[in-house]
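A.B. asks: pasting the sequence and the predicted model now:
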Amino acid sequence: MTELYAEVVRHFEGEGPIAAEDVRRWIDSGDLLVWSAVYELIGIAYERIDPSFDSEQAIEFTRRYLLRCIEENPSPGELLHGGYEAAWELATLLKEWRTRGGKPADAIRGVAIDLEKVYRRGDTAAKTRVLCGVLEHAFEDAALRRHFSNWERGDAELREAFKLAMEWGLSHEG
């Protein structure tokens, strides 16, 4: 455990404000373990970040953290998401963001583009995490599918992944 990680975790139980400058510093560290603690902190103490950490910043960080976990597939820990955990979490968040509308919903298209990049450069295991962990579960929400239309129109590999995700999504729609 690093000092930065411990610094973030100390704020879990507190009640006082958390400096937005500190949150940005922790994110700027690029340390995935620190990011896992920041992700948790944003989930439990978002309203304590001062000055407020706007939803766009929170969504952007969340996207970066979960995509990185999907791609790198770290060994999961107390707070750190393994690749599949991150994929399932991202699928759940995509559904939530779509229902919220506004800026959260606007972020979905960017996530779709990022997932395509992770899929294209990933090995077989990373591709499976994207397909089975994110796309299949995201496609359970019919309204999310349109954000991935470039997959349907893409090369054979993307079209096949889109087709498989659609099959799952259609059979689990609801």
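C.D. replies: Sure thing, it's come through.

A.B. asks: Ala37 in helix, strand or coil?
C.D. replies: helix (DSSP: H, G, I helix; E, B strand; the rest coil).

A.B. asks: so where's the protein shaky on pLDDT?
C.D. replies: 1 (pLDDT under 70).

A.B. asks: let's see 80
C.D. replies: Applying pLDDT under 80 to the chain picks out residues 1, 174.

A.B. asks: quick one: the spatially most central residue of it and Ala45, what's the gap?
C.D. replies: By C-alpha atoms, centre = their mean, the mean C-alpha position of the chain lies nearest to Leu66, the distance being 3.5 Å. Distance of Leu66 to Ala45, given as C-beta to C-beta, to the nearest Å: 19 Å. Placement of C-beta: from N, CA and C, glycine included.

A.B. asks: ok, Asn150 next?
C.D. replies: Taken as C-beta to C-beta, the span from Asn150 to Ala45 is 37 Å.

A.B. asks: looking at the two now, which is surrounded by more residues?
C.D. replies: Under the neighbour definition other C-beta atoms under 10 Å, Asn150 and Ala45 were set side by side, and Ala45 has more, 18 against 13.

A.B. asks: go through this structure and flag its longest helix.
C.D. replies: Secondary structure of the chain read by DSSP state H shows that its longest helix is helix 102-121.

A.B. asks: which helices and strands does that one pack with?
C.D. replies: Packing partners of helix 102-121 (3 or more C-beta pairs under 8 Å, 6 or more residues apart in numbering; DSSP states H and E): helix 55-72, helix 83-100, helix 124-128, helix 149-152, helix 156-171.
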